[in-house]
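Peer 1: Just need the structure, nothing else, for what follows:
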Amino acid sequence: MRALRGGLAVLLLTGAMAAPAAAQNPGAEELSVTKSSFGTVGTQPVDRYTLANQSMSVSIITYGAIVQEVKVPDRLGQQANVATNFAAIANYTRNGDYRGAIVGRYANRIAKGRFTLDGTQYSLDINNNPNTLHGGFSG
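Peer 2: Next comes the predicted model:
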């Protein structure tokens, strides 16, 4: 969930920074943000947010804040997706290589590589002594 919130924060911050610049410049390109469904992981819905102007767009899904698509004009002016991506959420959950992810399983450090969830204590890889950083050795 933390990764979902982090990705959404990045998305909203990007849009918030771009919108005032466009408002101050009457000749600036029109900006848009759209939201669509990208499927579910278990019972959790995954949304896809697309930020676009007249010449390019970026789509980010709320599963790991994954950059799912980046469309830019090629040398002939035709839109081309330059992101390595999957078309369906099932491919992201099956693959496990964090393709396009802005963050891994979690972002930041877990103190001393330990945490308790629902009364059970878990121990993680210590890869940033004395802490676990960004998912451990395989994250």
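
Peer 1: Dead centre of the protein: give me the residue that sits there.
Peer 2: In the chain, the residue lying closest to the centroid (CA atoms, centre = their mean) is Ala65, at 1.6 Å.

Peer 1: Where do the strands of this protein begin and end?
Peer 2: Secondary structure of the chain (DSSP state E): strands at 32-41, 44-52, 57-61, 66-73, 79-81, 109-110, 114-117, 120-123, 132-133.

Peer 1: beta partners for the residue lying closest to Ala90 once chain neighbours are set aside?
Peer 2: Spatial nearest neighbour of Ala90, excluding adjacent residues (CB to CB, 6 or more residues apart in numbering): Gly39 at 7.2 Å. Yep, even glycine has a C-beta here, placed from its N, CA and C like the rest. When bridges are called by DSSP bridges, Gly39 pairs up with Val46.

Peer 1: which residues does Gly39 contact?
Peer 2: Pro45, Val46, Ala88, Ile89, Ala90 (CB atoms under 8 Å, 6 or more residues apart in numbering).
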